[in-house]
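A.B. asks: from the sequence below, what's the structure:
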Amino acid sequence: MKFWLNLRLLSLRSLVANPYLWGGLMGMALLAISVYFLFDNGIMPAYTRHDVAISVPDVRHFPFHEASNILSAHNLRVEREEQRYNPSLDRDEVVDQKPPANASVKPGRRIYLTVNSGTIPMVLVPAVDNLSLREARNRMVTFGLTVSDEDVQPDSIPSPDPNTVTRQDPPAGTSVPQSSRVRLWYSTGLGDAYTTVPDVTGIEASRAQQFLLDRRIRSVIIGGDSLAVRKQSPEPGTRVREGFEVRLFTQQ
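C.D. replies: Modelled structure (predicted):
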């Protein structure tokens with residue numbers, strides 16, 4: 001047993017003292033280091049384009065198709081993201097981009113474009129008759145509608161309560177796209193001229209109301225507007241100023 005152990009120790013010492021062994025190991029180590037540097041500094045940069053960078057162009061406020069073409073020409077990919085429609089901007093306009101403009105990225109990088117092309121919200125036009133102009137305009141804005149100065153004008157038919165809304169277009173309850181324009185007419189007060197109140201009893205209330213309006217007399221219906229007028233106040237034949245408000249009663 002001792003003989004075999006001594007033999008193995010002798011063989012191991014011979015192997016360690018062999019110069020060809022160490023030369024081979026050093027050659028393999030140098031070869032491995034050379035391959036590593038070649039791969040790290042030659043092959044990988046060529047494969048990943050590590051030293052190539054592209055400055056992302058600014059495509060905000062461009063139509064999406066133009067922005068997409070610009071980015072594609074710079075060897076960049078495009079991903080479209082939609083936001084809720086903003087009526088103050090053009091449809092399909094690019095409103096944001098990620099990465100941002102002038103960022104340095106690798107070729108083929110995906111650029112995310114936020115586009116103004118969602119669905120236009122619909123809103124119901126509120127009723128603002130008899131409200132002050134200021135309150136009526138504020139209510140329209142609250143509902144997401146627009147009333148410009150040119151959309152506000154005096155009513156050609158006089159009415160009581162100056163500077164209150166007498167009519168609107170579109171009518172109350174109409175469904176319209178958000179930010180639609182609404183026109184308002186307001187009262188300038190009672191007219192200076194006088195007129196005689198006609199007899200409208202027995203006539204359907206909505207028709208009687210228009211009949212009076214054609215004669216520059218306003219009215220308010222008390223009861224259903226599809227029912228016939230049973231009584232009116234003031235009485236027929238009364239002299240009133242233009243714009244005076246007559247009450248129409250459709251029920252006893």
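
A.B. asks: check contacts around A205.
C.D. replies: I221, G223, G224, D225, S226, L227, A228, V229, L248, T250 (Cβ atoms under 8 Å, 6 or more residues apart in numbering). All C-beta spots, glycine's among them, are computed from the backbone N, C-alpha and C.

A.B. asks: which residue in these has the weakest pLDDT?
C.D. replies: The member of these with the lowest pLDDT is D225, at 79.

A.B. asks: can you name the residues that contact that one?
C.D. replies: Taking Cβ under 8 Å, 6+ apart as the contact definition, D225 lies against E204, A205, S206, Q209, T250.

A.B. asks: could the residues you listed be laid out in JSON lines, adding distance to R183 and secondary structure?
C.D. replies: Formatted as JSON lines, those follow (distance: Cβ to Cβ, whole Å; DSSP: H, G, I helix; E, B strand; the rest coil):
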{"residue": "E204", "distance to R183": "28", "secondary structure": "strand"}
{"residue": "A205", "distance to R183": "26", "secondary structure": "helix"}
{"residue": "S206", "distance to R183": "22", "secondary structure": "helix"}
{"residue": "Q209", "distance to R183": "21", "secondary structure": "helix"}
{"residue": "T250", "distance to R183": "30", "secondary structure": "coil"}
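
A.B. asks: returning to what we had before: identify the farthest-apart pair in the contacts of A205.
C.D. replies: Farthest apart among the contacts of A205 by Cβ to Cβ are S226 and L248. That separation is 12.4 Å.

A.B. asks: these two: which has the busier surroundings?
C.D. replies: Between S226 and L248, counted using other Cβ atoms under 10 Å, the more crowded position is L248 (25 against 11).

A.B. asks: how far away is that one from Q168?
C.D. replies: Note on L248: its distance to Q168, by Cβ to Cβ, to the nearest Å, is 21 Å.

A.B. asks: S55: neighbour count?
C.D. replies: Neighbours of S55 using other Cβ under 10 Å come to 11.

A.B. asks: if I look at it, how far off is H74?
C.D. replies: The gap separating S55 from H74 is 8 Å, by Cβ to Cβ.

A.B. asks: could you do L213 as well?
C.D. replies: Computed with Cβ to Cβ, the distance linking L213 and H74 is 65 Å.

A.B. asks: neighbour count for those two, which is higher?
C.D. replies: H74 (15 against 12).

A.B. asks: just the helices in the stretch 1-150 of the chain please.
C.D. replies: For the stretch 1-150 of the chain, helices defined by DSSP state H, counting those that start in this stretch occupy the ranges 2-16, 19-38, 44-48, 64-73, 133-142.
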